[in-house]
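> Have a look at this prediction, sequence included:
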Amino acid sequence: MKSFGATMIWAGRRFLSSMPALFGVLVFTFLLMRVLPGDPAVFFASGPNAGKEEIAVIRKQMGLDKPIPSQLLLYLHDVGRGNLGRSIMTGQPVTTDLRDRLPASLELTLTALLIALVSAIPLGVLAALKPGSVIDHGVRLFCALGVCVPTFVSGLLLIYVFYYLLGVAPDPTGRLDVFTSLPPSRTGFLMIDFLLAGDIDGWWAGFRQLILPALTMALFVVAPLARITRASMLVSLGSDFVRTARSVGLSWWRIVVTYALRNAILPVITIAGIVFSTMLGANVLVEKVYSWPGVASYALDALLSSDYAPVQGFVLLMASVFVVVNLLVDILYGIADPRVSIG
Amino acid sequence: MTGATLRHTAWILRGNPLTAIAAAGVVLLILIAVFGPQIVPFDPIASNVSQALMPPSAAHLAGTDQLGRDTFSRLIVATRLDLVIAVSAVGISFVLGAVIGAFCGYSGGRLDRTVGRFVDVMMAFPLFVLAMAMVAALGNRVENIVIATAVINLPFYIRFARAEVNIRRNLGWVEAARASGESHISVVLRFLLPNVLPAMAVQMSLNLGWAILNAAGLSFIGLGVKPPTPEWGIMVAEGARFISTGRWWLVAFPGLALMLAVLCFNLLGDGMRDILDPRMRT
């Protein structure tokens, strides 16, 4: 087992090696956004009938009159100082907007991932314990159907069932209903902030809003997780060490959980990392269905109104999250299986 | 196709009933796409306000929407557009990806490294977001949905073709082709590519389902297809306004159409993979 320090140095090196990809993302988004139709200077001007001179002045202020390469340099310089530009829609710096909205998206995505893992791993293990049984076929069917239903359809159908038919879910708009006041913001995660404030009623109100969108997203990703758990458990259960554990009479729980599952978990971690980044993309659809005030719906609104800066900032943010998640997956790998060399 | 090949295919399908059903489903989808507009009971874009928002009945199998248009007819007619978008997008990325990937895997060196970097950068994007940005940049049209879907699929095909060619480039029969005076281009296009095509065809079938979901997702958020054109994604988007007042059929039936189409392609892909490589069966 390597020391903690060595792991950190290795993680730092891995992080640096992903910098070229991030830089590529930056340049690529910049160029892509410059081809977008619509002149942002016109949006910034006082109104639709702003004079030519006024627009020209604004173009100059925004640096849009310079050639593309120097605009790019200017942009890179700004990003280096943590300035992602200003949004035309909200009039705020993009960094502020993203910081305000990121917790909403992360809270939703992480809750969904948690739900997916908590349901997929037992399902996969049960299916692997009795291959060919009713449970196994049930899990296969569920997985095959799960990946085929688009998130926006399952989201809307969940609203129909739980809001319209059963009446147990609240109005599917936003993170909180209008009657509940926001907790003092400490982490930005409502579930945690309410607990810190000791406001149980508020927590319940927030939870009721969160559960349907999280379930929608989880439904879409249970399938790949359950599938890989099943496949990996099958290999692990058929291995020599499980046979040995059985022969010395260890308890069923010990064999399945401590021996087989621990050894089967590596591929599950890998897929969980991939699944997480897919969910970041799927966020756009789920946030739109539930009017969730997250970064994805913010970027979508910006995109539809030719607002460059927020879209660039959003893509850069998503790519960074992606890099960090991949790094975490690699580190978890080392923890889950000390044999994996992380030198 | 000769009689023997047909008999062999039939024999394989008898052993894999699920794959046979999926294949039949795909054939049915194609038939609907071709003959759909001729067989529908109602005009898919003619509105009839007196019949607006009717639940499913014998006359309107899938109910009617806010303008009184027959949802069932719209679903049938939409099949062609949805399939054309998905198939052409996957076709483009298949051809481009196979050729680029094959040359990279064959030649190695600087070309391989440059393309590899580019693919890495693309995979670092949240792909759906990339597609969104591309459609917005190129213009809000159906062709651009096809291009965007093709581009986000491209990295997977490049990687796949590269890996498959790379493991074969030094095999005996490739050496023999080179030794007998074939040019590098001819070795790649006439010898290596045909050998990796079956594996890539499986990838393509699995990918078609994903492409259908992607295109529908884009039109759901208002990119690409515009109303009143019937398309599954946009039908769901239009029906979304009425879901909280209980008009389930406007979302459920287009959703069902999407699900069945994707299911058929996925099952067919899985089945083909099992037939080609039984070790991959899970």
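Thanks, I have it.
> In the stretch 201-343 of chain A, where is pLDDT below threshold?
A:337-343 (pLDDT under 70).
> Quickly note the distance from residue B:36 to chain A.
21 Å (CB to the nearest CB, to the nearest Å). For every residue, glycine as well, the C-beta is placed using N, CA and C.
> close to chain B, is stretch A:176-185?
No. Applying CB under 8 Å from any CB of the partner chain, one finds stretch A:176-185 separated from chain B by no less than 14.3 Å.
> Residue A:147 is in contact with residue A:220, isn't it?
Yes. Using CB atoms under 8 Å, residue A:147 is in contact with residue A:220, at 7.2 Å.
> which one of the two has more residues nearby?
residue A:220 (25 against 21; other CB atoms under 10 Å in any protein chain shown).
> Any residue of the helix or strand hosting that one touching chain B?
Per DSSP states H and E: residue A:220 is located in helix A:200-237. Yes. Using CB under 8 Å from any CB, helix A:200-237 reaches chain B at A:227, A:230, A:231.
> Nearest to residue B:98 among those residues?
Checking these against residue B:98 by CB to CB gives residue A:227 as the nearest, at 26.9 Å.
> what about residue A:234, neighbour count?
Other residues close to residue A:234 by other CB under 10 Å number 18.
> burial measure for the nearest residue to it once chain neighbours are set aside, as a count.
Spatial nearest neighbour of residue A:234, excluding adjacent residues (CB to CB, 6 or more residues apart in numbering or on different chains): residue A:128 at 4.9 Å. The number of residues packed near residue A:128 is 26, by other CB under 10 Å.
> Contact partners for residue A:128?
By CB atoms under 8 Å, 6 or more residues apart in numbering or on different chains, residue A:128 lies in contact with A:136, A:229, A:230, A:231, A:233, A:234, A:237.
> Where do the helices of the stretch 51-200 of chain B begin and end?
Under the criterion DSSP state H, counting those that start in this stretch, the stretch 51-200 of chain B contains helices at B:71-107, B:109-123, B:127-138, B:142-166, B:172-179, B:184-186, B:193-220.
> Find the closest residue to chain B in the stretch 201-343 of chain A.
Residue nearest to chain B within the stretch 201-343 of chain A (CB to the nearest CB): residue A:281, separated by 3.5 Å.
> Over to the stretch 51-200 of chain A?
Proximity to chain B, evaluated over the stretch 51-200 of chain A using CB to the nearest CB, is greatest for residue A:153 at 3.4 Å.
> pretty sure that residue is in a strand, no?
No. Assignment of residue A:153 by DSSP: H, G, I helix; E, B strand; the rest coil gives helix, placing it outside any strand.
> Pretty sure it sits against residue B:251.
Yes. With contact defined as CB under 8 Å, residue A:153 counts as touching residue B:251 (6.3 Å).
> what touches both of those two?
Common contacts of residue A:153 and residue B:251, defined by CB under 8 Å, 6+ apart, comprise residue B:236.
> Of these two, give the one with the bigger neighbour count.
Counting neighbours by other CB under 10 Å for residue A:153 and for residue B:251 shows that residue A:153 has the greater number, 29 against 26.
> mind listing what residue 236 touches?
All of this refers to chain A. Residues near residue A:236 by CB under 8 Å, 6+ apart: A:242, A:259, A:260, A:261, A:263, A:264.
> think we crossed wires, I meant chain B
Going by CB under 8 Å, 6+ apart, residue B:236 touches A:150, A:152, A:153, A:156, B:216, B:220, B:250, B:251, B:254, B:255, B:258.
> what do you get for residue A:186?
Neighbour list for residue A:186: A:192, A:193, A:196 [criterion: CB under 8 Å, 6+ apart].
> Confirm it sits in a helix?
No. Under the criterion used here (three-state DSSP), residue A:186 is coil, not part of a helix.
> any idea how far residue A:103 is from it?
10 Å (CB to CB, to the nearest Å).
> try residue A:222
For residue A:222, the distance to residue A:103 - CB to CB - is 24 Å.
> Those two - which one has more neighbours?
residue A:222 (25 against 19).
> Confirm for me that that one is in contact with residue A:143.
Yes. Using CB under 8 Å, residue A:222 is in contact with residue A:143, at 7.4 Å.
> and stretch A:267-275, how far from the chain's centre?
13 Å (CA atoms, centre = their mean, to the nearest Å).
> ah, wrong one, I meant stretch A:60-79
Taking the mean of its C-alpha atoms, stretch A:60-79 sits 31 Å from the chain's own mean (CA atoms, centre = their mean).
> Would you indicate which residues of it are buried?
For stretch A:60-79, a neighbour-count test (16 or more other CB atoms under 10 Å in any protein chain shown) marks A:62, A:64, A:71, A:72, A:75, A:79 as buried.
> I figured the third one was touching residue A:65, is that so?
No. Judged on CB under 8 Å, residue A:71 makes no contact with residue A:65 at a distance of 9.3 Å.
> between the contacts of residue B:236, which has the most around it?
Neighbour max across the contacts of residue B:236 (other CB under 10 Å) = residue B:216, 33 neighbours.
> still on that earlier bit, could you list which residues are in contact with the residue of the stretch 51-200 of chain A closest to chain B?
B:236, B:251, B:252, B:254, B:255, B:258, B:259.
> okay, it: pLDDT?
pLDDT, residue A:153: 91.
> about what we covered before: now distance to residue B:195, secondary structure and neighbour count too, for the contacts of residue A:236, in JSON lines please.
Formatted as JSON lines, the contacts of residue A:236 follow (distance: CB to CB, whole Å; DSSP: H, G, I helix; E, B strand; the rest coil; neighbours: other CB atoms under 10 Å in any protein chain shown):
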{"residue": "A:242", "distance to residue B:195": "39", "secondary structure": "helix", "neighbour count": "17"}
{"residue": "A:259", "distance to residue B:195": "42", "secondary structure": "helix", "neighbour count": "19"}
{"residue": "A:260", "distance to residue B:195": "38", "secondary structure": "helix", "neighbour count": "25"}
{"residue": "A:261", "distance to residue B:195": "40", "secondary structure": "helix", "neighbour count": "20"}
{"residue": "A:263", "distance to residue B:195": "36", "secondary structure": "helix", "neighbour count": "18"}
{"residue": "A:264", "distance to residue B:195": "34", "secondary structure": "helix", "neighbour count": "25"}
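> could I get these as CSV with distance to residue A:300?
CSV is the format used below for those (distance: CB to CB, whole Å):
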residue, distance to residue A:300
A:242, 48
A:259, 47
A:260, 43
A:261, 39
A:263, 42
A:264, 38
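> Of the residues you listed, which is the nearest to residue A:34?
Ranked by distance to residue A:34 (CB to CB), the contacts of residue A:236 are led by residue A:264 at 47.7 Å.
> Isn't that closest one up against residue A:235?
Yes. Counting by CB under 8 Å, residue A:235 is a contact partner of residue A:264 at 7.1 Å.
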